[in-house]
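Student: here is my input; please provide its structure:
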Amino acid sequence: MAIFDTLTKTQAQTHPMDFVNYCLNFEGDDVTFVDLIVPEQPTVEMHQADIVIKVERNGEEVLVHFEFQTTDSYDPEMSLRMAGYIIRLVERYRLPVYSSVIYLRPDAGRRDRGVYAQNIAGHQIFIEYKVFRLIEMEGQQILDAKPTGLLPFTPLMKRPVGVDAEQWLRRCIQTADSVDVPNKPAYLGTLAVLGNLVYESEAISRIISEETMQQRNIIEYWTEKATAEAHQQGLEQGMRERALEDILEALELRLQPDAASTFKPILETIEDSQRLKQLFRAALLAESTEDFSEALAADR
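Tutor: Residues are numbered from 1 along each chain as shown. Presented below is the predicted three-dimensional model:
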């Protein structure tokens, strides 16, 4: 979703070393920030990398690359995308690349092994990258350390044993409100929007209003962000519904008349519009209901 892309990239661009220091195993090394790299504009065939940071590690310049992913990627799959990013960065900058993908939603990234592999004798390709699922990161460690760039992500992280969801959200908001940042309403607004991936907006706005000293400005900011998100979600919902209609029409035309009604209940449970686009192509190519069943079962 565009709003999450914008917020995550802004946090990483504003506080790049927080992500470098807390996500990569550079402990004990001498690491200093050099520059933010702005990759070349993408073509229709090529995505643009999210965040690329040039740092100096023990006297050697290296690139640190982060991709932020809200949901799973199917077309292309994440491993292929990451391999493409890494190879293009190595080719363009001729520097070592440390590449990672950060999954925001708790259910995303479970099947991402952090490897792209082509197992053809004599033509093998093996590319590794790190996979970070926020739900697996110890949130309390981040709250204790207070890295400014990562605090807005803490509602999506693993909470301590014995702390319920509302207590954890309140603790995250309290900690974020305690740090010194230039625009506190925008900062807490970012936490609110990211937190909405897990928590209801009403709960977030209520706790923010109870816990902060800047209630009016922060709630206004959160309301504006929530409105923008609702608009984006409306657009995406429209795209999803159109993709679903296209699949059902293709099944009806390509296969027997009852194929559409047979697969409709399963298709209606799929929220990922990219996955539906993939299934639309499968419906156009299917020679039988068995062909489409195999495509539908893939990666489920």
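Student: from here on, just use CA atoms for contacts and neighbour counts.
Tutor: Will do.
Student: contacts only, for residue 117.
Tutor: 124-127 (C-alpha atoms under 8 Å, 6 or more residues apart in numbering).
Student: 6 Å instead, please
Tutor: 125-126 (C-alpha atoms under 6 Å, 6 or more residues apart in numbering).
Student: how about whatever helix or strand it lives in: buried residues?
Tutor: Under the criterion of DSSP states H and E, residue 117 resides in strand 115-118. Residues of strand 115-118 classed as buried by neighbour count (16 or more other C-alpha atoms under 10 Å): 115-116.
Student: with just CA atoms, put that strand into CSV.
Tutor: In CSV, the C-alpha atoms belonging to strand 115-118 read as follows (Å, rounded to 0.1, in the frame of the first residue of the first chain):
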residue,chain,number,x,y,z
VAL,A,115,17.5,-17.3,-0.7
TYR,A,116,17.3,-17.2,-4.5
ALA,A,117,18.7,-20.3,-6.1
GLN,A,118,18.9,-21.8,-9.6
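Student: what helices or strands is the following helix or strand past it leaning on?
Tutor: Following strand 115-118 in sequence order, the next helix or strand is strand 125-128 (DSSP H and E). If you count contacts as 3 or more C-alpha pairs under 6 Å, 6 or more residues apart in numbering; DSSP states H and E, strand 125-128 packs onto strand 115-118.
Student: the longest strand anywhere in the chain pairs with which strands, and in what direction?
Tutor: As assigned by DSSP state E, the longest strand anywhere in the chain is strand 60-69. Sheet pairing for strand 60-69, assigned by DSSP bridges, gives strand 51-57 (antiparallel), strand 97-103 (parallel).
Student: now do it, average pLDDT.
Tutor: The pLDDT scores in strand 60-69 average 94.
Student: which parts of that strand are buried?
Tutor: Residues 61-69 are the ones in strand 60-69 that count as buried (16+ other C-alpha under 10 Å).
Student: using PDB, list the CA coordinates for it.
Tutor: Extracted C-alpha coordinates of strand 60-69, given in PDB (Å, rounded to 0.1, in the frame of the first residue of the first chain):
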ATOM      1  CA  GLU A  60      35.600  -0.200   3.400                       C
ATOM      2  CA  GLU A  61      32.600   1.400   1.600                       C
ATOM      3  CA  VAL A  62      29.600  -1.000   1.400                       C
ATOM      4  CA  LEU A  63      25.900  -0.700   0.500                       C
ATOM      5  CA  VAL A  64      23.100  -1.600   2.900                       C
ATOM      6  CA  HIS A  65      19.800  -2.300   1.100                       C
ATOM      7  CA  PHE A  66      16.400  -2.600   2.800                       C
ATOM      8  CA  GLU A  67      13.100  -3.600   1.200                       C
ATOM      9  CA  PHE A  68       9.900  -2.900   3.200                       C
ATOM     10  CA  GLN A  69       7.100  -5.400   2.400                       C
END
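Student: state the next helix or strand along the chain beyond it.
Tutor: Going down the chain from strand 60-69, the next helix or strand is helix 78-93, by DSSP H and E.
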